[in-house]
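Participant: coords please:
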Amino acid sequence: MLKDHNFDIYVPEDYDESEPYGLVVFINSGNNGGFKSQWLPVLDNKNLIWIAGDGTGNSVFINIRMGLAMAGVLRMLELYNIDPNRIYTSGNSGGARMAHNLAFIYPETFRGAMPSCGGSYIREVSQDYETQNPDGHYEAILDYPVDYLDYLLPFDQRFANMTSYDDFREGDIMNIYHNGSEEDGVKGKFLETAGGHCSTTTAHFLDAINFVEHPFNEVIIEIFDGNTNLPFRLLNADLANSQKLQLGHNIEDIAQIQSRDLFNWHDPKGAIFETSIQLNPNDYNMNTTFHLGFWSMQEPEAYCGFLGNELKEDMPSIFLTIDFTDEQPKLTVQVENPAQTDIQVLFTSTFSDWNINESLNIKYHLWDQELRVELGAHIASPTMIESGVRLLDDMRSIQIRWNEITSSFWEESAWSQGAFLTLVSEKKNVEQAASSLLIDKIELINADTEVQSEIPISHGMFFGSFCEGDTLNVEGEIITEEGIYQIALLNSKGCDSLLLLSVTFYPLPTVNISVLDGIISADEGFEIYQWYLNGALLEGETGSTLAVTFDGEYYVLVTNENSCENSSNTIDVMITSTFALESNRISIYPNPSTQNLVIDSKGIIFKADLFDLVGNRVMINLKDVNDISILDNGMYILVMQLENDILIKKVQKVD
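Facilitator: You can find the predicted model right below:
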């Protein structure tokens, strides 16, 4: 019984019930509930209440441990003003495994989880990293259905996987993060701090809370499909095989793409950027350098011009370079901060296991406290590494804590107007055949997208699909015929851009309707149908056929596979006895009805729907007994489709 168990509860001093607070339910590895003193300032600052059950340590059955935690949540919802969108789980070690599973089992309740020095997952994952029990599948506790991920993902949960550099469970948590959540598209973050098993700090927990509360507004998400409006300015770049973005040509020595949208990352929630690059095997000659840059929006002139192959003084920026001049690619991370005297090279190394014929995934987690670069390959021992920079994650992640480089790293004006990104392929020797890079996808999600650049594509191509009769007005130029058009645009930042617009006009669909025995039928084969009665839309009537419910003029609007739409002919229908025969054998009662409407068909097979007086369907597939108590008082039309007839009858709902 719940009354037989004690709970440790922490309520911030400012709580007064006037506004909802978040809730963290904690499951310890020991049998005491306990508080983490390092985390209390975060609970105060973030308006979070804490509850942890006693007697729920690793020696207790898992159903009791998770059951008591869930019971504690339900009780706190009764006692306090809790925001239902800010309920999280957390735990230590074995308790972290319980917290992970609790969030998986109840995604309807838990927005996310912050498991510390332990974890679990919904399936067994590859064992790529060192573990205490190699190949033991530490992460697998419960048997989830094979399709459980399909149920879980729409809840959009977030998981902050917390560990420490010398935690003996770090490898297990890396397996869960990289081979579980990252592979499956579960939003996660890998957060490490100094110390051994279950070490943590206030900043550690603050980073975790900020991540699980990240709004994840998408600024750019581009998986190249060959028929898309690219959200970039491009120079010497195009689509390769309609599946990848290609940086570089055989003539030019530099190719660039630049984001059209400005975004903010320098805040507690930050931004996430992910891309995948690959050297083009058709023209690779060990002569290419790839640069990925993040730039503070300082002056429109810099934003409009070519930028991205080298850092600029007095322009805050973060710069990752992969140099393919030698057979062993070299990785460098640099920053330019006007508050510092020189451009700072923070890290230099080579890759230990990257085959340059394969793609390389690069993922950036950027926020005000840290830059974390997660790579799809392992790094060799660095040739240079600055203080405040660490190699973690089994030598595949670079961690930069800004305040460990200097206490106040970025000056106040840096990044205040937003940021933009560039990806550049640079050929070192212009006399040799050019090398190029292929990019599979680019994704950028960010906490704040209020600043937008409105920069159109430069030296790129729009693929426009339109319908007969459309008139395109592009900056005053009227386009009415198919073809490829070159249009010069001047955007709000004063940048000149060249837009190539490939225009295709598709024919409008042709559709006819006819009526037979009270059923109006439209031609088959269209993507979307929408029926109208007397010019008014019939809500929910989106099939190719329609049962007549009222006298009046009917037509349908259809949309074809090219997203072109057109209306059918209009027919005037009157309900007559030829298709509206009321059989004496069928009884409908009570009428009027307060709750249950009974249809006694005497064994006749029927299909019945209920409509309001406007023609909107309010109930479908009525049975012998139907609860209509949820309907508003008033008159409704019951339409019964029998084997050879349609029965139409008015029914009334009253209190």
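Participant: could I get the buried residue list for stretch 37-55?
Facilitator: For stretch 37-55, burial by neighbour count (16 or more other CB atoms under 10 Å) applies to 38-40, 42-43, 46, 48-55. Just so you know, the C-beta spots here come from the backbone N, C-alpha and C atoms, and that holds for glycine as well.
Participant: restricted to strands, list these.
Facilitator: In strands, defined here by DSSP state E, the members of the buried residues of stretch 37-55 are 48-53.
Participant: return the member of those nearest to Gln340.
Facilitator: Leu48 (36.4 Å; CB to CB).
Participant: Glu327 against Thr350, yeah?
Facilitator: No. Between Glu327 and Thr350 there is no contact under CB atoms under 8 Å: 10.0 Å.
Participant: okay, these two: which has more neighbours?
Facilitator: Thr350 (18 against 8; other CB atoms under 10 Å).
Participant: who are the contact partners of the more buried one?
Facilitator: Contact analysis of Thr350 by CB atoms under 8 Å, 6 or more residues apart in numbering lists 328-331, 379-380, 383.
Participant: quick one: it from His178, how far?
Facilitator: Thr350 is 21 Å from His178, where distance means CB to CB, to the nearest Å.
Participant: ok, Phe351 next?
Facilitator: Phe351 is 17 Å from His178, by CB to CB.
Participant: in the stretch 201-350 of the chain, mark out all the helices, start to finish.
Facilitator: 202-212, 300-304 (DSSP state H, counting those that start in this stretch).
Participant: looking at those, which is nearest to Asp624?
Facilitator: Closest among the helices of the stretch 201-350 of the chain, using CB to CB: helix 202-212, at 49.0 Å.
Participant: show me what counts as buried in the closest one.
Facilitator: 203-212.
Participant: which two from the residues you listed end up farthest apart in space?
Facilitator: Ala203 and Val212, at 15.4 Å, using CB to CB across these.
Participant: list the residues that contact the residue lying closest to Phe611 once chain neighbours are set aside.
Facilitator: When the adjacent residues along the chain are set aside, Phe611 lies closest to Ile637, with 4.5 Å between them (CB to CB, 6 or more residues apart in numbering). Ile637 is in contact with 549-550, 610-613, 648-651, counting by CB under 8 Å, 6+ apart.
Participant: again, but for Ala414
Facilitator: Here Ala414 is in contact with 266, 296, 316, 337-339 (CB under 8 Å, 6+ apart).
Participant: tell me which of those residues fall in strands.
Facilitator: Using DSSP E, the contacts of Ala414 in strands are Ser296.
Participant: which of the contacts of Ala414 count as buried?
Facilitator: By 16+ other CB under 10 Å, the contacts of Ala414 give 266, 296, 316, 337 as buried.
Participant: Throw those residues into JSON lines and include distance to Phe420 and pLDDT, thanks.
Facilitator: Below are the buried ones among the contacts of Ala414 laid out as JSON lines (distance: CB to CB, whole Å; pLDDT from 0 to 100):
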{"residue": "His266", "distance to Phe420": "13", "pLDDT": "91"}
{"residue": "Ser296", "distance to Phe420": "9", "pLDDT": "91"}
{"residue": "Pro316", "distance to Phe420": "12", "pLDDT": "92"}
{"residue": "Asn337", "distance to Phe420": "17", "pLDDT": "86"}
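Participant: nearest to Gln399 among these?
Facilitator: Nearest member of the buried ones among the contacts of Ala414 to Gln399, counting by CB to CB, is His266, at 17.1 Å.
Participant: which parts of the stretch 51-200 of the chain are strands?
Facilitator: 82-92, 112-116, 158-164, 187-193 (DSSP state E, counting those that start in this stretch).
Participant: what pairs with the second one, parallel or antiparallel?
Facilitator: This points to strand 112-116. strand 82-92 (parallel), strand 158-164 (parallel) (DSSP bridges).
Participant: could you identify which of these is most buried?
Facilitator: Compared across the strands paired with strand 112-116, strand 158-164 shows the largest average neighbour count, a mean of 27 (mean count of other CB atoms under 10 Å).
Participant: kindly export that strand (C-alpha atoms) in CSV.
Facilitator: Once non-C-alpha atoms are left out, strand 158-164 reads as follows in CSV (Å, rounded to 0.1, in the frame of the first residue of the first chain):
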residue,chain,number,x,y,z
ARG,A,158,14.0,13.8,-24.7
PHE,A,159,16.7,11.8,-22.8
ALA,A,160,19.7,13.4,-21.2
ASN,A,161,22.2,10.6,-20.7
MET,A,162,24.3,11.7,-17.8
THR,A,163,27.6,10.0,-16.9
SER,A,164,31.2,10.9,-15.9
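Participant: list the contacts of the lengthiest helix in the chain.
Facilitator: For the chain, the helix that runs over the most residues, judged by DSSP state H, is helix 62-79. With CB under 8 Å, 6+ apart as the test, helix 62-79 has contacts from 2, 5, 7, 9, 23, 25, 27, 49, 51-53, 55-56, 82, 84, 87, 89, 95, 98-99, 101-102, 105-106, 109, 141.
Participant: just want the angle from it to strand 48-53.
Facilitator: 140 degrees (axes from the mean of the first three to the mean of the last three CA atoms, to 10 degrees).
Participant: if you count neighbours, what's buried in helix 62-79?
Facilitator: 62, 65-66, 68-73, 76.
Participant: would you mind measuring from the closest residue to Asn47 other than its chain neighbours to Leu77?
Facilitator: Using CB to CB, 6+ apart and skipping the chain neighbours, the partner closest in space to Asn47 is Tyr21 (4.7 Å). Separation of Tyr21 from Leu77 (CB to CB): 11 Å.
Participant: what of Val345?
Facilitator: 52 Å.
Participant: next up, the contacts around Gln641.
Facilitator: Gln641 neighbours (CB under 8 Å, 6+ apart): 518, 547, 606-608.
Participant: so how far is Val618 from it?
Facilitator: Taken as CB to CB, the span from Gln641 to Val618 is 17 Å.
Participant: just Val625 next, same as before
Facilitator: From Val625 to Val618 the distance is 17 Å (CB to CB).
Participant: alright, calling it a day.
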